[in-house]
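In: sharing a sequence plus its predicted fold:
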Amino acid sequence: MLKVDRINSYYGGAHILKDLSLQVKKHEVVALLGRNGAGKSTTMKSIMGLVPPVSGNISFEGQNISAMDTHLVCQQGIGYVPEDRRIFPDLTVEENLEVGKRSVRDGVTQWAHDDLFDLFPNLAERRNQLGGSLSGGEQQMLTIARTLMGNPSMILLDEPSEGIAPVIVEQLAGVIADLKAQGLAILLSEQNMHFARLVSTQTYIIEQGVIRYEGSFYDLDRKPDIWKKYLAV
Ligand SMILES: Nc1ncnc2c1ncn2[C@@H]1O[C@H](COP(=O)(O)OP(=O)(O)OP(=O)(O)O)[C@@H](O)[C@H]1O
């Protein structure tokens, strides 16, 4: 579904992503793991066209998206939830959802507010509350719900569990399992290994912009040397 093939991305003269390749298949939840500053967010920004790669190729559902503007990447069916959430604090939950609305593409489930409120019961109770008055976890849920309003077939989640209470992290894991069951492909970056293990099967480990490991979580759990070298803090 998504194929990133040997991309190189820079901030000015700083070479951040180095021949980075990864794949996400349909109905798959893939975790991009790595320490602070490893290049996880830059990978997502490169896919979204926010930090366009200087070389390499990115394709989505067979179409080359490497040189596309961000709004066109979204139109292809990729939703993006950045690390800093960016809800509208002065709009209500319902209004925040409306902002995310996009036209529907063929063959893609259209999300209505009520479907989203079924998926996120916490938001249903707060539909008329201002975004800025929600807890961090509720804001994260709202950002994901708003992204779903764009009817994506794949979503990128940048450290979704960061700064969220453990009980909400467990709820978020349930939401991701539901989305996967509905056919969405998901690429998430994470430092919370408990959460990543709950939701994903396939993993990539990134260090200094280079993919150092690719494989299942099951195999990774049996490789303490890799775990210690690239993930232990
Ligand atoms: N706008 C920027 N300008 C210059 N360098 C940047 C910029 N954003 C990130 N970097 C650098 O690029 C490297 C990769 O950062 P990135 O944010 O992709 O890492 P990350 O794995 O997502 O880490 P974190 O979990 O801390 O967000 C780091 O060395 C970081 O300092």
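Out: Alright, I've got the coordinates.

In: helix or strand right after the helix or strand containing E98?
Out: For E98, the host element (DSSP states H and E) is helix 93-99. Following helix 93-99 in sequence order, the next helix or strand is helix 113-119 (DSSP H and E).

In: list the buried residues in that following helix.
Out: Residues of helix 113-119 classed as buried by neighbour count (16 or more other C-beta atoms under 10 Å): 113, 116-117, 119. Placement of C-beta: from N, CA and C, glycine included.

In: any chance of these in CSV with distance to Y204 and pLDDT as columns?
Out: Formatted as CSV, those follow (distance: C-beta to C-beta, whole Å; pLDDT from 0 to 100):
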residue, distance to Y204, pLDDT
H113, 35, 82
L116, 29, 89
F117, 33, 91
L119, 27, 91
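
In: of all these, which comes closest to L148?
Out: L148 lies nearest to L116 out of the buried residues of helix 113-119, by C-beta to C-beta, at 6.2 Å.

In: can you tell me the SS state at the spatially most central residue of the chain?
Out: Centre of the chain computed as the mean C-alpha position; nearest residue by C-alpha atoms, centre = their mean is L157, 1.7 Å away. Under DSSP: H, G, I helix; E, B strand; the rest coil, L157 falls in the strand class.

In: need the contact list for it.
Out: 81, 144, 176, 186-189 (C-beta atoms under 8 Å, 6 or more residues apart in numbering).

In: distance of it from the ligand?
Out: The gap separating L157 from the ligand is 12 Å, by C-beta to the nearest ligand atom, to the nearest Å.
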